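In: pasting the sequence and the predicted coordinates here, then a few questions.
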Amino acid sequence: MMSTYKRATLDEDELIGSTVDEIYPTSLQVSVRRGHGPRCWTNRTHLERKLLVLVCVLFFSLFVCVLTLGFYYKAAHPGLCLSESCVKVASAVLGALDPSVDPCHDFYNFACGGWVKNNPLPEGKSRWGPFSNLWERNMAVMKQQLENTSMTGITEAERKAQWYYQACMNESKIQDLGAQPLQELINQTGGWALTEPWDKSNFHEVLRVVSANYRTSPFFTVFVSTDSKNSNSNIIQVDQSGLGLPSRDYYLNKTANQKYLDAYLDFLVKLGVLLGGSVERSRTLMQQIVDFETELANITVPQEERRDEEVIYHKIQAKDLGALAPAVDWLPFLKEIFAPVELNETEPVVVYAMEYLPKVSHLINSTDKSILNNYMIMKVVRKMVSILDQRFQDAEQRFFEVIYGTKKSCRPRWKLCVSDTDSALGFALGAMFVKTTFAEGNKAVAEDMVSQIKQAFEESMQHVSWMDPATKKAAKEKADAIYNMIGYPKFIMQPKELDKVFNDLEVVSDLYFQNVMQYYNFSARVTADQLRKAPNRDQWSMTPPTVNAYYNPTKNEMVFPAGILQAPFYSTAWPKSMNFGGIGVVMGHELTHAFDDQGREYDKDGNLRSWWKNSSVEAFKKQTQCMVEQYSNYSINQEPLNGKHTLGENIADNGGLKAAYKAYESWINKNGEEALLPALGMTNRQLFFVGFAQVWCSVRTPESSHEGVITDPHSPSRFRVIGTVSNSRQFSQHFNCKAGSPHEPQAQV
């Protein structure tokens, strides 16, 4: 076999032994065989010279043809990528698949069936997926940074983050103090009827204290944010508040939710007992609180009825709040909330709850003052549960076991403390996280990808048949004006600026409860300081380690924290198909939010105004109604989804997938086909869709799914995949889905 192989080669030694006479019957061959040196070009005959030129031309032409054919063959048949990273990602993709499922019939189970089988829900978790897994990894990085107290060259703000974490981890101190810090706080606020007779007329004083000092929102919420109709200024805003249970539905639909109401009451009773009340007294008082919250739920406006911000936005003056809700002494209340800023009756206020406020005012006036006080104090107690000793946390854990279906677990204390430190000093902690994990080059790569997604989105928009030319032009201007925030806000990498932000926050290393109270006061001062000022672009709503992203309509900006710019969403070692299917779709999702049913109401400068022509508005509503109906026909655990409530996120999911796919196609046209991943038997375009779907692989308890259907503006993960690919003609084409298959394209927005 070796001799046969040798004969197949074109080694020079083999050619010397061949019968040259049969190949070149010319005088040239004769001269060589006779041992003479090569003849000069001038000594050759005219025929010989022509023949040599012809041979050279033919050889060169053949060489060019071979190169050209090779190039086109490689473009059409890119071959396999067998690098270590390609083999690893192929293995991960393959392990998550269930190849026995027809992708045209159930793409979610095709893409995620193996993952679901191999990922039982971890103890203590009500849901689990790639988002959760990446957050756990990010927390481990943050833990290492927070515990490295010997680190040199860190800022004062970063040191405060370490102290805050240390105080949270000081369990022995927390256990020794027990309920004392909270009991003292309740006494300072005026007490309540749990442990002693109570008959005071201090409603307004208590409302001001719990709202200003402890950052609770008993009957309504008051905050500072950008004025939607004047995006250059921050303004006081008033809205309806939240409830003790995740949604008003838990109170109103008692047949379906009785077990949750019972668990909630038991939880409140346990808290009352831990704070010194008898079981009987605590149950009586807490039942009154649940009954009162049920009345609040009755007057709370459902979220799906609040999606049109043009309708619910009302700008008034502070003095007008008295006529709207006379049960509250508004001006003293606002002055305490936003101290030390000077306020008067003409201060502008935006109200998003014109229907709700008169009703809550009437409810306050018609409710016994003891119940009102008990309710306000209980809002404080609920907020403080996680910063008290283990008895309180155990009570909350039992409550969560019912509400979210979690199994009791010994969750490491450090996870709670890392998460809380991220909430309080997230930008100081974020600076440490970024320096450890975020390669600066990733920022430029992400910005380039956003530009590609944006270009693809704008090109697609030009082909939308139902949008008039003037609106298309204005929409392109808005897309061009979107400001991209990648990785982290600039100030956290500037030590002096970072320290300046947290300069007024006092932190000690051994008193956790005190640190939290200091943070509430600090947060209140920061909020008050923003009033009437122009919004700050460096003020993010998410910290750098966060595994998420968002679009802010009043700033017309997209934010992609460093925490999400990692696998499985993005990796420099991964195929572009996976990156476009992962972080590319996320980018397209946030971009599309600028044009969903709420985002479209804001212009390129972030102002809430009518900038679409009426004909396009009506056509848009007609298109989106189709999507409302599509998603309302889905159900999970026999519970139908609310397509109206999830409309904005469904639009973003569909638009994001479409823009990212088009951007990937453009990348291929510019750079050529990528090598294929081994063992999958998939084209790169198929891999794009699989990469998108596998980001959403998840497991979840039935209770958590129920809570999600009621409260979450996003569709459940399964339908974020199925609903979106069912509207993609490209998906149907690349997976060869036949007409009438479940994933045949439906809605097109």
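Out: Cool, got the structure.
In: look at the most centrally placed residue in the chain and tell me its secondary structure.
Out: In the chain, the C-alpha closest to the average C-alpha coordinate belongs to residue 548, at a distance of 2.7 Å (CA atoms, centre = their mean). When classified by DSSP: H, G, I helix; E, B strand; the rest coil, residue 548 comes out as coil.
In: surely it meets residue 564?
Out: Yes - using CB atoms under 8 Å, residue 548 and residue 564 qualify as a contacting pair, with a distance of 6.2 Å. Backbone N, C-alpha and C define where each C-beta goes, glycine included.
In: residue 255: neighbour count?
Out: The burial count assigned to residue 255 is 5, neighbours taken as other CB atoms under 10 Å.
In: now name the helix or strand holding it.
Out: Taking DSSP states H and E as the criterion, residue 255 maps to helix 254-274.
In: and for residue 116?
Out: Per DSSP H and E: helix 107-118 holds residue 116.
In: sheet partners, orientation included, of the next helix or strand after that helix?
Out: Tracing the chain past helix 107-118, the next element assigned as helix or strand by DSSP H and E is strand 127-128. Take DSSP bridges as the rule and strand 127-128 pairs in its sheet with strand 699-700 (antiparallel).
In: now do the buried residues in the next helix or strand after the partner strand.
Out: The element immediately downstream of strand 699-700 (helix or strand, assigned by DSSP H and E) is helix 702-711. Buried positions in helix 702-711, judged by neighbour count with 16 or more other CB atoms under 10 Å: 703, 704, 705, 706, 707, 708, 709, 710.
In: what does stretch 158-169 give?
Out: Counting neighbours by 16+ other CB under 10 Å, stretch 158-169 gives 158, 159, 160, 161, 162, 163, 164, 165, 166, 167, 168, 169 as buried.
In: need those in CSV (columns: pLDDT, secondary structure and distance to residue 145).
Out: Listed next are these as CSV, based on pLDDT from 0 to 100; DSSP: H, G, I helix; E, B strand; the rest coil; distance: CB to CB, whole Å:
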residue, pLDDT, secondary structure, distance to residue 145
158, 97, helix, 8
159, 97, helix, 12
160, 98, helix, 13
161, 98, helix, 8
162, 98, helix, 8
163, 98, helix, 13
164, 98, helix, 13
165, 98, helix, 9
166, 97, helix, 13
167, 98, helix, 16
168, 98, helix, 15
169, 97, helix, 14
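In: can you put these in a markdown table and add distance to residue 735?
Out: Shown next, in a markdown table, are the buried residues of stretch 158-169 (distance: CB to CB, whole Å):
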| residue | distance to residue 735 |
| --- | --- |
| 158 | 49 |
| 159 | 54 |
| 160 | 53 |
| 161 | 48 |
| 162 | 51 |
| 163 | 54 |
| 164 | 50 |
| 165 | 48 |
| 166 | 53 |
| 167 | 54 |
| 168 | 49 |
| 169 | 50 |
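In: surely residue 730 is within a strand?
Out: No - according to three-state DSSP, the state of residue 730 is helix, so it is not within a strand.
In: quick check: chain neighbours aside, which residue is closest to it?
Out: residue 661 (5.5 Å; CB to CB, 6 or more residues apart in numbering).
In: I'd guessed that neighbour sits against residue 729; true?
Out: No - with contact defined as CB under 8 Å, residue 661 does not count as touching residue 729 (10.1 Å).
In: which one's more surrounded, those two?
Out: The neighbour count for residue 661 versus residue 729, taken as other CB under 10 Å, is higher for residue 661 (26 against 12).
In: I am finished for the moment; much appreciated.
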